[in-house]
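J.: next one to model:
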Amino acid sequence: MKFIHQHMTQTQVGELFGVTSHKIGQWLKDLRLRDEDGKPTEDAHDCGYCKQAPSGPNGYHWVWETNKTVDALLEAGHLIVSNPPPNLVAPAILNGRFCVQKSAGSEFVIKNGDGSVSLWANNKMTADVVVTLLNLAHDKGVLDRLCNPQRLLQTPLASDREISMVVKPF
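T.: The predicted model follows:
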């Protein structure tokens, strides 16, 4: 899964897991990434899990490095909701080979070859059929031909540095 933001608030992380920011705070405490007062621990800072971000004219709040934080929560056994919010997760491009995995709810996710999730099914039998069809299409090269335009659209035309050099003069 590719996230849109490098850092997220606890509220945003909670949206990924279908829980409140308070529950995320508790889970982070369980992982020893927050102390009893709710502040990030020294380990959280040292290992790059969090940083301060501005909040309002005179304040700040903590934001969490998305990949590290989500990986730690997944490793602790928490599951991301099926069909996570599109404002937080970039759409995945179908790429094989595919497999089925149980999701946080009653659904099943269909994982791409790179581990990202593109599809959800409401039962295992449907997921198995879709995976069989996708793997067949992948093995025959059909899927790559169909998804190539999508890959091209998501390929950056230039680096951020090159783009900023062009935009600065304006």
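
J.: which one's the longest helix in this structure?
T.: Assignment by DSSP state H gives helix 124-139 as the longest helix of the chain.

J.: run through who's touching that helix.
T.: 94-100, 108-110, 113, 119, 121, 143-144, 146 (CB atoms under 8 Å, 6 or more residues apart in numbering). C-beta: built from backbone N, CA, C; applies to glycine.

J.: rerun at 10 Å
T.: Contacts with helix 124-139, where a contact means CB atoms under 10 Å, 6 or more residues apart in numbering, come from 94-103, 107-113, 118-121, 142-147.

J.: quick check: domain ranges of this structure?
T.: 2-75, 91-154 (automatic domain parsing).

J.: tally of neighbours for Ile118?
T.: Small correction: residue 118 is Ser, not Ile. 17 (other CB atoms under 10 Å).

J.: which strands and helices sit next to the helix or strand that contains it?
T.: Assigned by DSSP states H and E, Ser118 belongs to strand 117-121. Here strand 117-121 touches strand 99-102, strand 108-111, helix 124-139, going by 3 or more CB pairs under 10 Å, 6 or more residues apart in numbering; DSSP states H and E.

J.: what do you get if the cut-off is 8 Å, keeping everything else the same?
T.: When contacts are defined as 3 or more CB pairs under 8 Å, 6 or more residues apart in numbering; DSSP states H and E, strand 117-121 packs onto strand 108-111, helix 124-139.

J.: take those and write them to TSV, including distance to Gly25.
T.: Formatted as TSV, the helices and strands packed on strand 117-121 follow (distance: least, CB to CB, whole Å):
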stretch	distance to Gly25
strand 108-111	26
helix 124-139	33
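
J.: which stretch in the ones you listed has the least confidence?
T.: Ranked by mean pLDDT, the helices and strands packed on strand 117-121 end with strand 108-111 in last place, scoring a mean of 86.

J.: sheet-wise, list the partners of that strand with their directions.
T.: Taking DSSP bridges as the criterion, strand 108-111 sits next to strand 99-102 (antiparallel), strand 117-121 (antiparallel) in its sheet.

J.: so for the shortest one, what gets flagged as buried?
T.: By that I understand strand 99-102. Buried positions in strand 99-102, judged by neighbour count with 16 or more other CB atoms under 10 Å: Val100.

J.: can you count the residues close to the spatially closest residue to Asp35 that is not a sequence neighbour?
T.: Leaving aside its sequence neighbours, Asp35 sits nearest to Thr41 (CB to CB, 6 or more residues apart in numbering; 5.4 Å). Neighbourhood size, Thr41 [other CB under 10 Å]: 17.

J.: same check, this time on Leu33
T.: 22.

J.: wait, it sits on His45?
T.: No. Counting by CB atoms under 8 Å, Leu33 does not reach His45; the two are 9.6 Å apart.
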